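**Q** need a 3D model of the following:
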Amino acid sequence: MWILKYPMKRTYQIIFVIMALHYCFSQRNVLKFKPYARSSSLDPASYAVDGDTNPLKYFHVDFEPLREYWLIVDMIMSYKIEYVVLWSRLGPTYTARNDYFIIGLTNVNYFNLSTGETIRGRFPLCGQYLTTTKSAAPHRLNCTSKVPPYRYVIAQQKLGQPFGFAVAELEAFPLNGIKSLASVEWDEIERIRSSFERNQECSRLCDILLAACRLFLC
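**A** Numbers count the residues shown, from 1 in each chain. Below is the predicted model of the structure:
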């Protein structure tokens, strides 16, 4: 078995595999194909979580008297989110609608809100985008490192936007915080990892494992 073939401590070998798997999960968009709810819908909200960032294929809310446009995605599991990316649709007419957008995180299920009910101010913030947005472009918003695990991601426009959201894709990526979760000698782990990568056979195996990981999990 390959894990016993090379002169590494078995404990470190196992830790390395755990790190590789954690790396894969940390690169995974955990909103892809997940259940969602929205304040209204002119174009399908499924377009915002289908993994396709095509700026000509987008979720668009309908007109709402309260102008409290929002989108909620259920990640099924709770994650510590490191950052969220909002992809805008093509066209300067629609770009300004996403300016200074807000991303929230919560463990409260708002999927069954009554008609016209607002959720603004009722959820913890990942943060607010601090500038204007661009046409057909990704916009990354980093969450604070102190954010605990949450199950739901909420995207909402800033207060007072006259027209509704137009989002090509919404993505969220978990925090890569494995170093804070294990008490191990990380300098030694790094040395082993480097040694592992220099071995040609191990390197090929690592590439195969990461490719499989991306194919089935990411």
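**Q** contacts, neighbours, all on C-alpha from now
**A** Will do.
**Q** show me where the protein has strands.
**A** 36-38, 59-60, 70-79, 81-88, 102-106, 125-128, 138-142, 150-156, 166-174 (DSSP state E).
**Q** packing partners of the longest one?
**A** Packed against strand 70-79, as judged by 3 or more Cα pairs under 8 Å, 6 or more residues apart in numbering; DSSP states H and E, are the following elements: strand 36-38, strand 150-156.
**Q** for it, which positions count as buried?
**A** 70, 71, 72, 73, 74, 75, 79 (16 or more other Cα atoms under 10 Å).
**Q** ok, of these, which one's closest to residue 129?
**A** The shortest approach to residue 129 among those belongs to residue 70, at 15.1 Å (Cα to Cα).
**Q** number of nearby residues for residue 42?
**A** 12 (other Cα atoms under 10 Å).
**Q** with residue 82 instead?
**A** 20.
**Q** ok, it to residue 44 distance?
**A** For residue 82, the distance to residue 44 equals 27 Å [Cα to Cα, to the nearest Å].
**Q** among the strands of the chain, which comes closest to residue 49?
**A** Comparing the strands of the chain against residue 49 with Cα to Cα, the closest turns out to be strand 166-174 (5.9 Å).
**Q** let me see the mean pLDDT of that closest one.
**A** Predicted confidence along strand 166-174 averages 93 (mean pLDDT).
**Q** and it with strand 150-156, angle?
**A** 150 degrees (axes from the mean of the first three to the mean of the last three Cα atoms, to 10 degrees).
**Q** which strands and helices sit next to strand 166-174?
**A** helix 10-26, strand 59-60, strand 81-88.
**Q** can I get the helices and strands packed on strand 70-79 in JSON lines including mean pLDDT?
**A** Output for these, formatted as JSON lines (pLDDT from 0 to 100):
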{"stretch": "strand 36-38", "mean pLDDT": "88"}
{"stretch": "strand 150-156", "mean pLDDT": "94"}
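**Q** outline the domain layout of this structure.
**A** Using automatic domain parsing, the domain parsing of the chain gives 2-27+187-216, 36-174.
**Q** can you flag the weakest of these by average pLDDT?
**A** Lowest mean pLDDT within the domains of the chain: domain 2-27+187-216, at a mean of 53.
**Q** my read: residue 147 touches residue 127, true?
**A** No. No contact is recorded between residue 147 and residue 127 when judged using Cα atoms under 8 Å, the distance being 10.2 Å.
**Q** hang on, the earlier thing: quick one: closest of the strands of the chain to residue 48.
**A** Here strand 166-174 is closest among the strands of the chain (Cα to Cα), at 4.1 Å.
**Q** which other residues reach that closest one?
**A** 25-32, 47-61, 79-89, 94-95, 97-98 (Cα atoms under 8 Å, 6 or more residues apart in numbering).
**Q** pull out the buried residues from those residues.
**A** 25-32, 47-51, 53-55, 57-61, 79-89, 94-95, 97-98.
**Q** which residues does the nearest residue to residue 36 once chain neighbours are set aside contact?
**A** Excluding its sequence neighbours, the residue lying closest to residue 36 (Cα to Cα, 6 or more residues apart in numbering) is residue 73, at 4.3 Å. By Cα under 8 Å, 6+ apart, the contact set of residue 73 is 31, 34, 35, 36, 37, 152, 153, 154.
**Q** redo the residues you listed as TSV? Include distance to residue 134.
**A** Formatted as TSV, these follow (distance: Cα to Cα, whole Å):
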residue	distance to residue 134
31	22
34	26
35	27
36	25
37	25
152	26
153	22
154	21
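**Q** fine, thanks again, bye for now.
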